[in-house]
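Peer 1: sequence? don't have it. structure:
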């Protein structure tokens, strides 16, 4: 029987790579986006053109009503939810004392509350089925913290805590919950860095380069597969040795 997946943040570099990889693995995929409609529709067009079953759905992960509608639309389209990948996220590079209440709320609502919202709506479907996979995309900064990215680090650390606690909560229902903590990935989030800054960053990474979004997607696909059936509550670091 065909498996189905929801991927949030699917218009971004990592999210789109994960959506594409899951389609290649035979999943019917619901690609959730919010801001970048043009990129999301282009992605679904490419995937459909390759013969995959994919649909793009607009939803603000921070809005419980929109999340509920997106999950219901996915179930109506595919009949079930086997895998949920929470990849929707925003970054903030700023001193803590200069951060506004609105900026704090935006980062937390998207990166942490967004994952909570989608988990809450997807879980009943997984529990009824007696199986499921939840994969949360955190960051190495959620593990170690980063200066000038305090709020972002806090949101990603919260996502790690959510992963570990939820894994214990839903394991009796046959559902695994794991977390990916990517390092520096060659996506649009790196666009603010100059070539000199990127070169200096790569010199700090033992493998000497940035990750490709595809490398993160390959690991997500493993966690979505039956090969990871005895792995839950774990944080898988995909960072080239940056954090050991």
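Peer 2: Looks like it came in fine. Note that the structure is predicted; figures quoted are calculated from it, not measured. Residues are numbered from 1 along each chain as shown.

Peer 1: and the lengthiest helix in the chain, how far out from the chain's middle?
Peer 2: Determined from DSSP state H, the single longest helix within the chain is helix 150-170. Relative to the mean C-alpha coordinate of its chain, helix 150-170 is positioned 12 Å out (C-alpha atoms, centre = their mean, to the nearest Å).

Peer 1: Could you check the angle the very next helix or strand once past that helix makes with helix 150-170?
Peer 2: Moving toward the C-terminus from helix 150-170, the next helix or strand (DSSP states H and E) is strand 175-182. Angle of strand 175-182 versus helix 150-170, following axes from the mean of the first three to the mean of the last three C-alpha atoms, to 10 degrees, is 160 degrees.

Peer 1: Pull out the buried positions in strand 175-182.
Peer 2: Neighbour-count burial for strand 175-182, counted by 16 or more other C-beta atoms under 10 Å, picks out 175, 176, 177, 178, 179, 180, 181, 182. For every residue, glycine as well, the C-beta is placed using N, CA and C.

Peer 1: try stretch 119-139
Peer 2: For stretch 119-139, burial by neighbour count (16+ other C-beta under 10 Å) applies to 119, 121-123, 125-126, 132-139.

Peer 1: about what we covered before: out of the buried residues of strand 175-182, which is nearest to residue 90?
Peer 2: Nearest to residue 90 among those: residue 182, at 15.1 Å, using C-beta to C-beta.

Peer 1: rewinding a little: summarise which helices and strands the longest helix of the chain is packed against.
Peer 2: helix 101-108, helix 114-129, strand 132-137, helix 140-144, strand 175-182, strand 235-238 (3 or more C-beta pairs under 8 Å, 6 or more residues apart in numbering; DSSP states H and E).

Peer 1: at 6 Å what do you get?
Peer 2: With contacts taken as 3 or more C-beta pairs under 6 Å, 6 or more residues apart in numbering; DSSP states H and E, helix 150-170 sits against helix 101-108, helix 140-144, strand 175-182.

Peer 1: and the gap between the residue sitting nearest the centre point of the chain and residue 201?
Peer 2: Nearest to the mean C-alpha position of the chain, by C-alpha atoms, centre = their mean, lies residue 87 at 1.9 Å. According to C-beta to C-beta, to the nearest Å, residue 87 stands 22 Å off from residue 201.

Peer 1: Repeat that for residue 90.
Peer 2: From residue 90 to residue 201 the distance is 20 Å (C-beta to C-beta).

Peer 1: Alright, I will stop here.
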